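In: need a 3D model of the following:
(chains A and B)
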Amino acid sequence: MIRSLFGNGRFRLSFSLIALIVVTALVGPRLDDRNPLFAVGGRYDEPSSQIWLGTDAIGNDVFLQLMHGLGTSLYIGLVAGVVATLIGVAIGTLSGYIGGLLDEILMGFTNILITVPTIVILVLLSVALQNRSTLLLGVIIGVTSWPWTARAVRAQTSSLKTREHVDVAKLSGAGTFGVIMREILPYMMSYVVMAFVLQLSSGVLNEAGLSLLGLGPSQSISLGKMLQSALQGEALRTGAYWAILPQTILLSVIAFSLLLLQSSLDEFFNPRLRRR
Amino acid sequence: MKQIRTLTLLAAAFLGVAAAQNPPRDETLYITGHQWGPPSSFNPVGPVRAWPVNEGGGFNLIYESLFTFNLVTGELDPRLGASLEEGEDAFVVTLQEGTAFQDGEPLTSEDVVYAYELGQRQGVEYASFWDYVTAVEATDERTITFTLNQERLNLGLVRNFLTSVAILPEHIWSGLEEQEASLVQFANLEPVGSGPYTLSSANNERIILERAPDYWGEAVYGLPAPTYLVHPIFASNDAANLAFSQGQLDLSQNFIPEVWTLAEQGEPISTWMDEEPYYLPGNIPMMWINVSKPGLDNPAVRRALAYTINYPLIAETAMSSYSVPVNASLIVPGGGEDPYFDPEAIAETGWTFDPNRAVEILEGELGAQKGDDGIYVLPDGTRLGPWEVSAPYGWTDWNQALEIVASSAQAVGIDIKTNFPEQSVWQTNMQNGNFDLAMNTASGTSAAAPWPRFRDVLDIRGVPEAGQTAFWNYGRYENPEVAELLDQAAAAPPEEQGQFYAQLDEIFRTDIPVIPLMYRPLQFYTFDSAVWKNFPTAENPYAPPMHSQSGVQVFFNITSEAE
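Out: Prediction:
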């Protein structure tokens, strides 16, 4: 199975990109233990052999910030992805499997949340919280972005629950929880994994969006905060491309490789999509 | 299909309306940098006010003051007042001929008396005026006598009040005083003043002023050139600066990093001076310390904090090299206050960026120990932080300065976090004493400087307890020695004031109720002469580089290209 997965070119490309990014995020900060929030130079010093990507508006090392910020952004994305997927799967399976009034209530709630733009809830939640740790920010992003996953999982569950093996399990005395865990979830694991990958990507991008509005994690550096600092410091207008391009490119690469990964997984799990 | 057509028509109609709201470009001056959030009040005596009443009568656009302060000459220029006679017992002001309000009612000395006496009845910003003046009387219809309080003589400050208090129409405000439970909370959305402009409209995007039809001052000052003044509301400097660099704005008070690059990019954008430092220094943005917070109530902690901050970095980056690194003094070097500036005293008892000295104070003098998280804890168990330092969101120069403060303090082991709320939130919290650390200026260069700055930082008189609005000494610092020194300085002739300022500066360096962070101009003064010509510059200084006060003359002297 793994071999056939790696036989897919798109999977190989996206997997290598993600592996490279994750390894950089894990290893990068350990190679250089200076605090990325402490200045090393002046305003927008140009890239040099000592400071590879120059400095930002307040003299911080852009390369060092990139190494540390990458990890923060991925961490927030990961927390957001896990939280959103867990909530989405829990609500989706319960709603789809039990049905009836509970289904109406849960899906009604989900639909209401879908109509409200996520960014609005995110902004309100973030403003209300005085101290936004990276973990908390991930959780906040997670609890606002599960509705689509819940809807899709519910649809899958409603179809899976009419299968014979589910009836067999029920007849042999399995409870609701047991049936969901053993007879429903394993059959849509491929879907859940793909949903998780997408949530991961939107988590990273949501962090960037929030940070851009000045609502990023307190006392730490992330790719979004680097973007905000570059905008506020007017890097673009004053021609300091090195302070705005690296994080922009990195964010795009993360989003791109995760989407590519998701689509290659889709191809793998859905044989009908496979190209001959 | 029909639906689509209807929609298109609707859209076109909306666009048409939007276009109609845009005043003609060649009759409009776009100004920026004075309003950062939705305007909620045009009450010149309220606590939180929108442009152009945010300096009381200081802008002289809707409401006017008696005189205006001229940063370049250091003198008062006439506005509603024609002349000022300064006696030992009293100031006598004579009004210009024909002064009138925008509703046609004449503006007489009775209105002036009413505006000042409001300070006796209401908690307005200039209530402390009555500490220095015992009576304001209308000698006749055009003459007002300000009797000075001989116990607390302060000529400079009284002069200041003549340039900041908005003269209100008594026939409107005396009625309001009876109707409104609290006059200072009144929003005043249809202001009637005596100035050359009226409020045309205000919303979350912009404030539009329109030239008043019958300005009383036409015979004296002529009429201002722009038919409309528009202040678009930008949430942050970078947004405003982008619009400015694209020629959408004419006059900017925003902090623009590397301002010289704008001219290189082709827009006809200039500053007061065409070389460094580009602007005239006139103020000291500083970090106010809430001296009632555990930890921050200890002067040695405050001293250690002062040593942690990287002042040269702030000057180079956050201030874009428009000024030298700040000194441990409340006096602005250069300009009118320079004679009082004492580098030797600063070197002896002041501080500079020196993290090692901060550690010495913390560990040696205070016996603090570093916790596992790298933050110092005092022997009594008080952890140095987390403390929040705040400035309004979008004030990018201040935001960057505070990022440097936070990281400088963290590097040594004091836990400071930045917080950038909306301007009105920051201001309310600061005035009510609901903060740990907050960045703000004290009084800038004025007719009375540096006296008001020492008062702002050190004087507890006239400052209500936390929870109520304070207009100075936000940290509620108290020192019994201060009052007498301030009063002596105020009463002394200029050549003898220096000794008192030296002592007050010494008290500031000992107790450190604020930490100066940078020097900045009184107002940033950058203009684009694509639409309007003849802005004043250092070579053509017919008006000072100010937007308010004597800067109002700019609007009367610029000319439109079309002419």
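In: name the helices or strands packed onto the one helix or strand in chain A whose mean pLDDT sits lowest?
Out: Between all helices and strands in chain A, the lowest mean by mean pLDDT, DSSP states H and E belongs to helix A:2-6, at a mean of 77. Helices and strands touching helix A:2-6, as assessed by 3 or more Cβ pairs under 8 Å, 6 or more residues apart in numbering or on different chains; DSSP states H and E, comprise helix A:9-31. (C-beta placed from N, C-alpha, C; glycine too.)
In: burial check on residue 264, number of neighbours?
Out: No chain was given, so I picked chain A. Residue crowding around A:Ser264 was assessed by other Cβ atoms under 10 Å in any protein chain shown; the count is 22.
In: actually it's chain B I care about, not the one you picked
Out: B:Glu264: 10 surrounding residues under other Cβ under 10 Å.
In: next: B:Ile460.
Out: B:Ile460: 15 surrounding residues under other Cβ under 10 Å.
In: can you pull the phi/psi pair for the nearest residue to it once chain neighbours are set aside?
Out: Using Cβ to Cβ, 6 or more residues apart in numbering or on different chains and skipping residues adjacent in sequence, the residue nearest B:Ile460 is B:Glu478, 4.6 Å away. Dihedral angles phi and psi of B:Glu478 (degrees, to the nearest 10) take the values phi -130, psi 130.
In: what parts of the stretch 1-150 of chain A come near chain B?
Out: Proximity of the stretch 1-150 of chain A to chain B (Cβ under 8 Å from any Cβ of the partner chain) is limited to residues A:35, A:37-39, A:42-43, A:57-59, A:130-131.
In: of these, keep whichever come out buried.
Out: Neighbour counting over the residues of the stretch 1-150 of chain A next to chain B (16 or more other Cβ atoms under 10 Å in any protein chain shown) leaves A:37-39, A:43, A:57-59 as the buried ones.
In: quick check: B:Asp77 is in a strand.
Out: Yes: using DSSP: H, G, I helix; E, B strand; the rest coil, the assignment for B:Asp77 is a strand.
In: circling back: put together CSV for the residues of the stretch 1-150 of chain A next to chain B, with pLDDT on each row.
Out: As requested, those are exported to CSV (pLDDT from 0 to 100):
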residue, pLDDT
A:Asn35, 87
A:Leu37, 87
A:Phe38, 87
A:Ala39, 88
A:Gly42, 90
A:Arg43, 92
A:Ala57, 92
A:Ile58, 91
A:Gly59, 92
A:Gln130, 68
A:Asn131, 72
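In: what's the neighbour count on residue 81?
Out: Looking at chain A here, since you left the chain open. 26.
In: that's the wrong chain, I wanted chain B
Out: Using other Cβ under 10 Å, B:Gly81 has 24 other residues around it.
In: kindly give the local confidence score, pLDDT, for it.
Out: On pLDDT, B:Gly81 comes in at 97.
In: show me the contacts for it.
Out: B:Gly81 is in contact with B:66-67, B:93-96, B:162, counting by Cβ atoms under 8 Å, 6 or more residues apart in numbering or on different chains.
In: let's see which of the residues you listed end up in helices.
Out: B:Leu162 (DSSP state H).
In: I'd like the contacts of B:Gly81 written out as TSV, with neighbour count added.
Out: TSV is the format used below for those (neighbours: other Cβ atoms under 10 Å in any protein chain shown):
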residue	neighbour count
B:Leu66	28
B:Phe67	28
B:Val93	23
B:Thr94	18
B:Leu95	23
B:Gln96	19
B:Leu162	27
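In: and which of the contacts of B:Gly81 is nearest chain A?
Out: The closest of these to chain A turns out to be B:Phe67 (Cβ to the nearest Cβ; 37.7 Å).
In: of the buried ones among the residues of the stretch 1-150 of chain A next to chain B, which belong to helices?
Out: Reading helices off these, I find no matches (DSSP H).
In: can you tell me the SS state at the residue nearest the centre of chain A?
Out: In chain A, the centroid-proximal residue (Cα atoms, centre = their mean) is A:Leu200; its distance is 2.0 Å. Here A:Leu200 is recorded as helix under three-state DSSP.
In: spatially nearest residue to it (excluding sequence neighbours)?
Out: Using Cβ to Cβ, 6+ apart and skipping the chain neighbours, the partner closest in space to A:Leu200 is A:Gly81 (3.8 Å).
In: and if you look at B:Glu110?
Out: B:Glu110 sits nearest to B:Ala138 (Cβ to Cβ, 6+ apart), 5.4 Å away.
In: show me the beta-bridge partners of that neighbour.
Out: B:Ile144 (DSSP bridges).
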